[in-house]
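# Need a 3D model of the sequence below.
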Amino acid sequence: MNNEFTFTVKRFPLDENYHPSNSTRITTNFANLARGENRQQNLRNALTMINTSFNARAKWDNKNGQRYSVELDIISVDMEIEGSSEAFPSIEVLKTNIIDHETNQRFEGIVGNNFSSYVRDYDFSVLLLEHNKDKPSFSIPENFGELHGKLFKSFINSEVYKNNFNKPPVICLSVSDNKTYFQSDNQHPVLGTEYVPNESSLTEQYFKKMGLQVRYFMPPNSQAPLAFYFVGDLLNDYTNLELISTISTMETFQKIYRPEIYNANAVAGSCYQPSLKNQDHSLTQIVYDREERSQLAIKQGKFAQTHFIEPYQSLLEKWSANFAA
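The predicted structure is shown next:
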């Protein structure tokens, strides 16, 4: 029953001329930047930050700090349900590409990075909220994240994915502001110092159903750890330049969207509790509306409910029950 969905991959360059498509979730990091009267300057500033960060991390044989640049592709994955003439926008991620200006070579980077999904919006901003409405204590709905996880695995294991990408994805997120992270003795030359959380989070459990495990590292010259979700062996499956492309891209977004953590004026210590109430931080020149993003997540979750979950509910339940990764 795994063949009831057909995936289509579309690529769009993320540059200063980028305009979000109608099917793009507008709360997505890169799409949020590309709105309003300062959209082009926002994008230009973010891309400059990414390139500066990349060269600062890839210091070997890079005397002037200008050897490399990063090109970003938006990978938009549409999912067509068998028997339907309509395609649903299922997943959107970023793909990094590395340009070596000294050798005039272009290297594949990592696919994943930023992760966007309408169905995840439905799970967290509609289903979870409705499940806990008027309840005295927080709880998780039965089979929470099962469908989303199986849809993601179906795409990652598809011939379409294998034909487009040569390595599994790595998704890079912010640390949680309701957990404590403890510095370990493990060090990696690019990923930096590994941190271990005091407990598992709902996000970790959700991504685990997608087939992804997580490790937390604070790269050199960073202010706080990043969460790396991956398949396989994060430290050995990817080259240094590939890892740097993800770090420089996603830390830039986090500096913009969570400056209290990633643009803090103090570096995370051996016992680290992230806080979005931290006043001791610096702002980038790029401003966004965090409250608007929260409101839009609910709207986008309801879009998934109306156009995907409810119309195909019986088919989705049957497919999920028979799914074999």
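# And the contacts of stretch 43-63?
Stretch 43-63 has contacts (C-beta atoms under 8 Å, 6 or more residues apart in numbering) with 14-16, 18, 30, 33-34, 65-70, 72, 98, 102, 190, 219-221, 240-241, 244-245, 247-249, 251-253, 255-256, 284-286. Glycine gets a C-beta too; all of them are placed from N, C-alpha and C.
# Just the C-alphas of it, formatted as PDB.
Listed next in PDB are the C-alpha coordinates belonging to stretch 43-63 (Å, rounded to 0.1, in the frame of the first residue of the first chain):
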ATOM      1  CA  LEU A  43      17.400  38.000   2.200                       C
ATOM      2  CA  ARG A  44      20.600  39.800   1.100                       C
ATOM      3  CA  ASN A  45      21.600  40.200   4.700                       C
ATOM      4  CA  ALA A  46      20.800  36.600   5.700                       C
ATOM      5  CA  LEU A  47      22.800  35.200   2.800                       C
ATOM      6  CA  THR A  48      25.800  37.500   3.600                       C
ATOM      7  CA  MET A  49      25.700  36.200   7.200                       C
ATOM      8  CA  ILE A  50      25.700  32.600   6.000                       C
ATOM      9  CA  ASN A  51      28.700  33.100   3.700                       C
ATOM     10  CA  THR A  52      30.600  35.000   6.400                       C
ATOM     11  CA  SER A  53      29.900  32.300   8.900                       C
ATOM     12  CA  PHE A  54      30.900  29.500   6.500                       C
ATOM     13  CA  ASN A  55      34.300  31.100   5.700                       C
ATOM     14  CA  ALA A  56      35.000  31.800   9.400                       C
ATOM     15  CA  ARG A  57      34.500  28.000  10.100                       C
ATOM     16  CA  ALA A  58      36.300  26.700   7.000                       C
ATOM     17  CA  LYS A  59      39.500  28.500   7.900                       C
ATOM     18  CA  TRP A  60      42.100  26.200   6.400                       C
ATOM     19  CA  ASP A  61      43.600  27.400   3.100                       C
ATOM     20  CA  ASN A  62      41.300  30.300   3.200                       C
ATOM     21  CA  LYS A  63      43.600  33.200   3.900                       C
END
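# Can you list the buried residues in that stretch?
Buried positions in stretch 43-63, judged by neighbour count with 16 or more other C-beta atoms under 10 Å: 43-47, 49-51, 53-55, 57-58, 62.
# So which of the residues you listed are in helices?
Among those, the ones falling in helices (DSSP state H) are 43-47, 49-51, 53-55, 57.
# what about the nearest residue to residue 279 once chain neighbours are set aside, which helix or strand?
Residue nearest to residue 279 in three dimensions, not counting chain neighbours: residue 260, with 7.9 Å by C-beta to C-beta, 6 or more residues apart in numbering. According to DSSP states H and E, residue 260 maps onto helix 259-262.
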